[in-house]
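Asks: Sequence and computational prediction follow.
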Amino acid sequence: MMRKWALLFLAFLLAFAALPVLAQEEARQETVRQLNALVEEYLDAKEYIYDFEDDVFTLDFEMESSLASCTVKVYVYYDMVSVTAIPVMRVPEANRDALAKFIALANNEVFYSYFRMDYGNGWFGTRSAQLVESVLPGMEELDVLFHMPLNDLEDFGDAIAQVALAGADPQEAFIAAMAKLEE
């Protein structure tokens, strides 16, 4: 009988200990719901066409640079909103070292987003992110978060294409891109 009470008491303790974890998970899910609604409101206000699946908004954009087009993905997490702009093209293996150097130079000049590349498969793009600790971002914050990866990809797109596809010198392409931005 004593053993039965001990097991019952142990089960009660385990169930009681799980309550804070369940409450934290519910709070995280509620934050994700609120952030999804906020991003949806923002995209609808801009009249953007998007797909939504598994807390990811996906949009396609035409670009004026040599990159031609990109896919934008807005990822919603319980503690962050992240925006990634990904061109359709991939960097051939022979030009990945050069683009890595270009990315290092360009990242020193951009502020709200940054360039990145998967060296193994040639995938590259730009990313911005905002942590969400206790206050949800407003529409102005979402606007910067959303558009800076696109703007930076557009601003450096011609130079990126020259380096990534034609094997141009990354230092020279970077200098030309900066001169064009200063015009």
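Replies: Everything's here; your move. No experiment lies behind these values; they were computed from the predicted model shown. Numbers count the residues shown, from 1 in each chain.
Asks: Which positions in stretch 91-103 come out as buried?
Replies: 91, 95-96, 98-103 (16 or more other C-beta atoms under 10 Å). In short, each C-beta sits where N, CA and C put it, glycine included.
Asks: So for that stretch, mean pLDDT?
Replies: For stretch 91-103, the mean pLDDT works out to 97.
Asks: just the CA coordinates of it, formatted as CSV?
Replies: C-alpha atoms of stretch 91-103 as CSV (Å, rounded to 0.1, in the frame of the first residue of the first chain):
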residue,chain,number,x,y,z
VAL,A,91,27.4,30.2,-57.5
PRO,A,92,29.5,27.7,-59.5
GLU,A,93,32.2,26.0,-57.4
ALA,A,94,35.0,27.7,-59.3
ASN,A,95,33.8,31.2,-58.2
ARG,A,96,32.9,30.5,-54.6
ASP,A,97,36.2,31.7,-53.1
ALA,A,98,35.8,35.0,-55.0
LEU,A,99,32.2,35.5,-53.9
ALA,A,100,33.2,34.7,-50.3
LYS,A,101,35.7,37.6,-50.5
PHE,A,102,33.1,39.9,-52.1
ILE,A,103,30.6,39.0,-49.3
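Asks: Please compute how far that stretch lies from its chain's middle.
Replies: Centroid separation for stretch 91-103 versus its chain: 21 Å, with C-alpha atoms, centre = their mean, to the nearest Å.
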